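*Asks:* Let me see the structure of the following:
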Amino acid sequence: MKTLSQKAFQFLLLAAVVFAPLCCFGQSLSVEGKIDGIGNKKVYLFVRDAHNQDILLDSTVSAKDKFAFTHEPGELNYYTVTVDSVPGGILFFLDSNVQIEGDSKAIWESSVTGSRLTDEFKVYDKQFIIPARQRLFALSDSMQAPNLDPSRRVELEKQQQEIMDAERLRSEKYIKEHPDSYLSLFKLQIFGKEKKRQLLDILGEELQEHSIAKAIREEAQLEASVSAGKPAPGFTVQDMKGNAVSLSDYRGQYVLLDFWGSWCGPCIKLIPETKAAYEKYKGKKVQFMGIAYDEEKDRAKLSGMIEKHGMAWPQIFQNMSDESKKGVVRSYRVTSFPSVILINPQGNIVYRGIGQDGLVGALKVLDKEIN
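*Replies:* Okay, the predicted model is just below:
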């Protein structure tokens with residue numbers, strides 16, 4: 001099976017959206033399906049929420065390849081059906097009763113009928129997303145070549161980025177020309193935070209009431225509460241060695257929070273610079289603290305990476321698969337990795353940034369304050 005970077009795949013998923021507004025809601029709609037080869041397996045129905053997370057709505061056990069769900073949607077959203085131990089899923093929109101037919105050998109190719117919005121999605125998908133996906137898959141395949149020259153890899157990554165940038169430009173143009181289209185609303189999700197908020201203001205009054213629009217505004221308000229100059233949210237957690245760590249323990253010192261993950265390539269590349277900064281400020285009333293954002297199943301991998309790179313500062317594990325166990329990431333509204341947040345001795349945020357520039361900016365603040 002062909003592989004594609006998570007970033008590129010999610011981008012294509014978000015870019016592929018429908019043109020028409022939803023017709024009517026407040027009534028129960030059915031999802032009936034027949035997937036050859038699944039027999040009697042657990043089948044799941046998910047909905048994509050306003051924060052771009054798939055939420056489990058219901059599950060059932062298929063009988064002789066057949067299954068059925070009933071759901072009353074409140075607004076237009078993505079829905080996905082998946083089957084236990086069967087790769088892939090079926091994406092659709094629930095604006096009317098839906099029928100699904102497919103084969104377990106390629107469940108993602110299943111046909112979806114009955115939904116006008118899904119039909120329009122398919123038109124857009126065929127015209128724009130499938131060609132882009134094919135090009136991205138081809139580039140991804142080329143990047144798997146053994147002994148690939150580093151300069152060639154850089155060029156291939158650049159071509160991937162150009163494909164996604166082209167879709168963003170096409171999407172931005174569409175939003176500006178169609179402020180009342182549901183396509184415009186869903187296309188907001190492919191943009192960065194600032195651009196997303198700018199384009200949101202263009203949308204019509206009806207779309208402003210959708211949960212996606214409300215979530216974007218809420219996120220902006222919450223981020224403002226943890227921006228530079230605001231009090232740093234307190235926390236008391238255990239580090240990866242089982243020791244209790246509380247932000248209040250370091251009052252009177254600068255605290256540099258380093259948000260990273262073992263899955264994040266740019267995070268790994270930044271470790272040597274972070275380690276050098278840690279050594280530079282050791283003993284100068286500066287406390288480094290890693291916030292390791294990973295899945296529970298990768299905890300051992302994460303521990304090995306910490307040991308391999310000699311990351312001597314405390315590391316706090318945040319389970320990205322469990323909303324109840326990522327409180328530090330959530331309270332600081334961190335959505336980009338790596339991210340750096342610098343807290344002064346009085347407990348206030350004095351700087352936050354992302355990537356290498358974020359670390360450089362935080363160190364400039366420290367140099368000015370301490371030296």
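*Asks:* tell me which residues in stretch 297-316 are buried?
*Replies:* 298, 302, 303, 305, 306, 311, 313, 314, 315, 316 (16 or more other Cβ atoms under 10 Å). All C-beta atoms are positioned from the backbone trio N, CA, C, and that covers glycine.
*Asks:* Pick out the residue nearest the middle of this protein.
*Replies:* The centre of the chain sits closest to residue 52, judged by Cα atoms, centre = their mean, with a distance of 7.1 Å.
*Asks:* wouldn't residue 270 be in contact with residue 338 here?
*Replies:* Yes - shown here, residue 270 and residue 338 form a contact pair, counting by Cβ atoms under 8 Å, at 5.4 Å.
*Asks:* more crowded one of these two?
*Replies:* Set residue 270 next to residue 338 and count neighbours by other Cβ atoms under 10 Å: residue 338 wins out with 25 against 21.
*Asks:* List the contacts of the nearest residue to the more buried one once chain neighbours are set aside.
*Replies:* Residue nearest to residue 338 in three dimensions, not counting chain neighbours: residue 267, with 4.4 Å by Cβ to Cβ, 6 or more residues apart in numbering. Residue 267 makes contact with 260, 261, 337, 338 under the criterion Cβ atoms under 8 Å, 6 or more residues apart in numbering.
*Asks:* Beyond the host helix or strand of residue 267, next helix or strand please.
*Replies:* Using DSSP states H and E, residue 267 sits within helix 265-281. Using DSSP H and E, the next helix or strand after helix 265-281 towards the C-terminus is strand 286-294.
*Asks:* Could I get the average pLDDT for that next one?
*Replies:* Throughout strand 286-294, pLDDT has a mean value of 94.
*Asks:* So what touches that strand?
*Replies:* Contacts of strand 286-294 (Cβ under 8 Å, 6+ apart): 240, 245, 250, 253-263, 274, 277-278, 281, 301-302, 306, 311, 313-320, 326, 328-329, 334, 337, 366, 370.
*Asks:* Which ones among the residues you listed lie within helices?
*Replies:* Judged by DSSP state H, the contacts of strand 286-294 include 274, 277, 278, 281, 301, 302, 306, 328, 329, 366, 370 as members of helices.
*Asks:* Any quick ChimeraX command for the buried ones out of those residues?
*Replies:* In ChimeraX syntax, the buried subset of the ones in helices among the contacts of strand 286-294 is picked out as below (16+ other Cβ under 10 Å):
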select :274,277,278,281,302,306,328,329,366
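*Asks:* nearest to residue 137, of the ones in helices among the contacts of strand 286-294?
*Replies:* If you rank the ones in helices among the contacts of strand 286-294 by distance to residue 137 using Cβ to Cβ, residue 301 comes first, at 26.6 Å.
*Asks:* got the contact list for that closest one?
*Replies:* Residue 301 touches 262, 294, counting by Cβ under 8 Å, 6+ apart.
*Asks:* show me where the stretch 151-300 of the chain has strands.
*Replies:* 236-238, 244-246, 254-260, 286-294 (DSSP state E, counting those that start in this stretch).
*Asks:* Would you mind finding the most buried of those?
*Replies:* Highest mean neighbour count of those: strand 254-260, a mean of 24 (counted as mean count of other Cβ atoms under 10 Å).
*Asks:* Tell me the strands beside that strand, with direction?
*Replies:* strand 286-294 (parallel), strand 339-343 (antiparallel) (DSSP bridges).
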